[in-house]
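Asker: Sequence first, then the predicted structure, then my questions.
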Amino acid sequence: MILFFFFQSLKVYIHGPPGAGKSTIAEELCRHYRLHHIKINDVISERIANLEKIVAKELDFDNVGEQEEDNVEEEEGDVEEQGENKEEAQELLNKLKKNMKKNEGRLSDRYVLPLVKDKLKSMPCRNQGYVLDGFPETYDQARELFSESDDEEETESKMPKYHKIITPEFVFSLTASDEFLTNRIINLPEGDVAGTQYTQDQFLQALKLFRELNTEDTTVVNYFDELEIHPQFIDVGVYEDPENRFIVQKIVKEIGEPRNYGLTDEEKEILERQAAEERLVKEAQEKAEQEQKEAEERAERMANWEEWNKHMEEVKRQERELLEAQSLPLRNYLMKNVMPTLMQGINECCRIRPDDPVDFLAEYLFKNSPEIEWN
């Protein structure tokens with residue numbers, strides 16, 4: 001009975017043209033049912049990050065002290081469970097990056113399909129379920145992704161063999177006219193379009209490719225029909241609902257009540273340990289960054305203070321030189337033309353002792369100035 005409930009995870013596949021709202025609907029379904037949102041770019045990025053982590057851990061093993069030996073053995077066990085050691089991880093990582101570089105950032109199906117299949121087989125997806133967002137796109141991709149290996153249980157019917165644990169049980173195909181989709185994209189805010197596939201040229205190319213892949217009898221929708229997992233078609237053009245709320249409600253009504261049974265104790269322990277490790281690493285990194293920032297700020301303040309002092313000294317020196325330069329002609333003029341007459345006037349004032357010495361001295365200087373010629 002426990003195993004019965006264990007495999008009751010909810011698995012949903014959303015199919016449809018670009019601009020139909022697949023990602024928005026998938027996000028709402030994941031939020032409502034507590035499922036995992038499977039997007040191809042995220043799966044690829046996560047896998048590459050995990051490979052880089054494995055390589056980095058392996059490189060650090062030789063530098064770990066004896067006091068951390070138990071932790072190292074545990075980490076090595078984790079790597080072995082993933083079936084990859086440093087060499088294997090590095091080799092696969094190089095292949096993925098080389099293939100993406102060769103295909104202008106895209107990854108070939110020979111690499112994408114195993115990555116997605118491993119993701120669907122992971123314990124979180126098997127226990128809780130997932131929503132596949134627009135992938136697979138073709139019949140061949142679907143057949144390869146959900147195919148069952150030879151050593152797994154065969155189905156008794158004549159339908160194609162498929163992996164029941166990872167294959168979606170609900171398939172929803174969104175439909176809409178090209179005119180409707182184009183108008184929807186045109187009316188999107190500029191900020192929502194920038195940096196996405198919804199620029200005019202990219203959107204039209206993606207829409208054309210989707211139509212080409214869904215015009216013959218061997219489409220991804222036909223594949224699920226062959227498995228008797230009959231897709232439910234929803235015309236998004238019927239609903240005047242840019243946020244697709246009515247469509248989400250319709251899908252929820254078809255699926256039924258949530259069946260999420262949460263994580264296992266082992267998964268919870270792993271996630272808690274990872275969260276604790278990440279928190280410690282983040283705190284240490286933040287502390288180091290803060291200390292470095294404070295040191296840089298202190299050094300900058302000291303440098304600014306020293307520079308300011310030098311600047312002030314230079315300003316004072318220039319002011320002194322300017323004052324001296326400006327005062328020299330005036331001093332020379334006074335010594336040559338004013339001081340001799342002034343001294344004579346003062347002496348004469350002392351001799352005569354007039355009632356108004358200031359007026360006397362002013363008149364004396366006026367009459368005896370060497371620059372004034374009297375008639």
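Answerer: Looks like it came in fine. Numbering: from 1, shown residues only.

Asker: The nearest residue to residue 35 once chain neighbours are set aside - how many residues pack around it?
Answerer: Closest residue in space to residue 35, ignoring its immediate chain neighbours: residue 129 at 4.6 Å, by Cβ to Cβ, 6 or more residues apart in numbering. Every residue, glycine included, has its C-beta placed from N, CA and C. By other Cβ atoms under 10 Å, the residues close to residue 129 number 25.

Asker: Let me see the backbone angles for residue 129.
Answerer: phi 110, psi -180 (degrees, to the nearest 10).

Asker: Could you do residue 318 as well?
Answerer: According to degrees, to the nearest 10, residue 318 has phi -70, psi -40.

Asker: domain ranges for this structure?
Answerer: 2-262, 280-368 (automatic domain parsing).

Asker: Pick out the shakiest of those, pLDDT-wise.
Answerer: Here the lowest mean pLDDT among the domains of the chain goes to domain 2-262, at a mean of 81.

Asker: now the strands: where do they sit in the chain?
Answerer: Remark: strands assigned in the chain by DSSP state E are 10-15, 36-38, 129-133, 170-175, 232-235.

Asker: can the ones you listed go into TSV with extra columns for distance to residue 50?
Answerer: Formatted as TSV, the strands of the chain follow (distance: least, Cβ to Cβ, whole Å):
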stretch	distance to residue 50
strand 10-15	23
strand 36-38	16
strand 129-133	18
strand 170-175	29
strand 232-235	35
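
Asker: and of the ones you listed, who's closest to residue 341?
Answerer: strand 36-38 (101.3 Å; Cβ to Cβ).

Asker: Flag every buried residue along that closest one.
Answerer: Neighbour counts over strand 36-38 (16 or more other Cβ atoms under 10 Å) mark 36, 38 as buried.

Asker: mind listing what that strand pairs with, with the direction of each?
Answerer: In the sheet, strand 36-38 lines up against strand 129-133 (parallel) (DSSP bridges).

Asker: Check the offset of the strand it pairs with from the chain's centre.
Answerer: 23 Å (Cα atoms, centre = their mean, to the nearest Å).

Asker: List of residues touching it?
Answerer: Strand 129-133 is contacted from outside by 9-14, 22-23, 26, 29-30, 33, 35-40, 120, 168, 259-260, using Cβ atoms under 8 Å, 6 or more residues apart in numbering.

Asker: and the nearest residue to residue 361 once chain neighbours are set aside, what is it in contact with?
Answerer: Residue nearest to residue 361 in three dimensions, not counting chain neighbours: residue 345, with 5.0 Å by Cβ to Cβ, 6+ apart. Applying Cβ under 8 Å, 6+ apart to residue 345 gives the contacts 361, 364, 365, 368.

Asker: so what's the last one closest to, chain neighbours aside?
Answerer: Closest residue in space to residue 368, ignoring its immediate chain neighbours: residue 341 at 5.2 Å, by Cβ to Cβ, 6+ apart.
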